[in-house]
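Colleague: attaching a predicted model along with its sequence, questions to come.
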Amino acid sequence: IEDLADIAQLSPYYCCRVFEKVVGVPPHVYLLDIRLTRAAQKLACGNRIADVAAEVGFFDQSHFHKAFRRKFGVTPRQYQIS
C-alpha cells in the first residue's frame, strides 16, 4: 500500500479509500484474489500444492488452503483432481 500510495502521490489511507471506491474492494482483497486466481491456474497445470502456495506468495500452506477454499469452495487438492 505504501508503494501504491507513493506512485499515486497520495497518503496510504486516502489511497486505500480511492482504490476501494474505484475498484470495489480494498487493495489487500484485490491482491489476494489475483494470487488465488494464479494459484488455480498453476494447480490446473499439475504443479505441487506446496510449490504453488510459495510461488503465489503464501508463507503458510494452511493459510493458502483456507483462502483457496473460501474463494473456490473446494480445497486446492480437490480443485487439482477435478
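Modeller: Cool, the structure landed. Owing to the predicted nature of the structure, the values given are computational and were not obtained by experimental measurement.
Colleague: how much space between residue 77 and residue 27?
Modeller: Applying C-beta to C-beta, to the nearest Å, one obtains 29 Å for the distance of residue 77 from residue 27. No exception for glycine: its C-beta is placed from N, CA and C like everyone else's.
Colleague: which one's more surrounded, these two?
Modeller: residue 27 (16 against 12; other C-beta atoms under 10 Å).
Colleague: so who does the more buried one touch?
Modeller: Residue 27 makes contact with 1, 4, 15-16, 19-20 under the criterion C-beta atoms under 8 Å, 6 or more residues apart in numbering.
Colleague: ok, residues contacting the least confident helix or strand in the chain by mean pLDDT?
Modeller: Least confident element among the helices and strands of the chain, by mean pLDDT, DSSP states H and E: helix 2-8 (a mean of 90). Applying C-beta under 8 Å, 6+ apart, the contact partners of helix 2-8 are 11-12, 14-15, 18-19, 27.
Colleague: just the buried members of those?
Modeller: 15, 19, 27 (16 or more other C-beta atoms under 10 Å).
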